[in-house]
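S.K.: give me coordinates for this.
(chains A and B)
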Amino acid sequence: LAKTTQPISMDSYEGQEVNITCSHNNIATNDYITWYQQFPSQGPRFIIQGYKTKVTNEVASLFIPADRKSSTLSLPRVSLSDTAVYYCLVGDGGATNKLIFGTGTLLAVQP
Amino acid sequence: SAVISQKPSRDICQRGTSLTIQCQVDSQVTMMFWYRQQPGQSLTLIATANQGSEATYESGFVIDKFPISRPNLTFSTLTVSNMSPEDSSIYLCSVEKGAGSNTEAFFGQGTRLTVV
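M.R.: A predicted model of the protein is given here:
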């Protein structure tokens, strides 16, 4: 399973766009990239998943360059409620897939 | 999607005792996963539980300390045995739905365990 590396923490202000980058140099051909969000005292929650190029949903965008060795989670116009830990994971979603969490990025949004 | 219920949500236990955590899913799943999250840390996978077979444990975790049951496709238990203060953590149950590009993991709210 590919290891991921993220910044430990980031600070932002309400209304700003936040980009969190994750490195996964050893990503395998069959691996997908998935981001999860975790609030205090809750389990992680799925945000977005992609394989290459760009994926967008109602809460975020995911940018993946051609070499797939990194990915960037983009949160548009963050609010205080977006303060959480964001985890980047890679895996192939196969029958024996298990999620291995890295350190995650603590995003602190200030007023 | 999947809705996961964990019991208890929190407990304070005496060292040397054991606690069994229950995880109930609202749909049938092949695999259930148990994680530990120590204060301020990321999630660490303890084991993978399949119905009808022994759980598969990750490095650093053993069955004698964390026995797991998986009696059917919607339920699992994790027991933390002979507890010490170092076992104080949040324990989370997880399942996955879908496959390949549509795989999504769902987590319970966690069980916050404090060992005194």
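S.K.: and stretch B:62-73, average pLDDT?
M.R.: In this model, stretch B:62-73 has a mean pLDDT of 96.
S.K.: what does it contact?
M.R.: B:28-30, B:32, B:34, B:46-47, B:49-55, B:57, B:76-82 (Cβ atoms under 8 Å, 6 or more residues apart in numbering or on different chains). (Glycine included, C-beta is placed from N, CA and C.)
S.K.: buried sites along that stretch?
M.R.: B:65-68, B:70, B:73 (16 or more other Cβ atoms under 10 Å in any protein chain shown).
S.K.: JSON lines for these, including distance to B:Ala105 and secondary structure?
M.R.: Formatted as JSON lines, the buried residues of stretch B:62-73 follow (distance: Cβ to Cβ, whole Å; DSSP: H, G, I helix; E, B strand; the rest coil):
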{"residue": "B:Lys65", "distance to B:Ala105": "24", "secondary structure": "coil"}
{"residue": "B:Phe66", "distance to B:Ala105": "20", "secondary structure": "coil"}
{"residue": "B:Pro67", "distance to B:Ala105": "23", "secondary structure": "coil"}
{"residue": "B:Ile68", "distance to B:Ala105": "18", "secondary structure": "strand"}
{"residue": "B:Arg70", "distance to B:Ala105": "17", "secondary structure": "strand"}
{"residue": "B:Leu73", "distance to B:Ala105": "17", "secondary structure": "coil"}
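S.K.: ok so, going back, list, out of the contacts of stretch B:62-73, those positioned next to chain A.
M.R.: Filtering the contacts of stretch B:62-73 for proximity to chain A by Cβ under 8 Å from any Cβ of the partner chain leaves B:Thr30.
S.K.: residues contacting B:Leu19?
M.R.: B:11, B:13, B:79-80, B:83, B:113.
S.K.: among these, which two are most distant?
M.R.: B:Asp11 and B:Thr79 (12.5 Å; Cβ to Cβ).
S.K.: quick one: which of the buried residues of stretch B:62-73 is nearest chain A?
M.R.: B:Ile68 (14.2 Å; Cβ to the nearest Cβ).
S.K.: once you drop chain neighbours, what's closest to that closest one?
M.R.: B:Ala55 (4.1 Å; Cβ to Cβ, 6 or more residues apart in numbering or on different chains).
S.K.: and whichever strand or helix holds A:Ser74, what does it pack against?
M.R.: Using DSSP states H and E, the element containing A:Ser74 is strand A:70-75. In terms of contact count using 3 or more Cβ pairs under 8 Å, 6 or more residues apart in numbering or on different chains; DSSP states H and E, strand A:70-75 is assigned the packing partners strand A:18-23, strand A:45-50, strand A:61-64, strand A:84-91.
S.K.: so for it, mean pLDDT?
M.R.: Rounded mean pLDDT across strand A:70-75 is 97.
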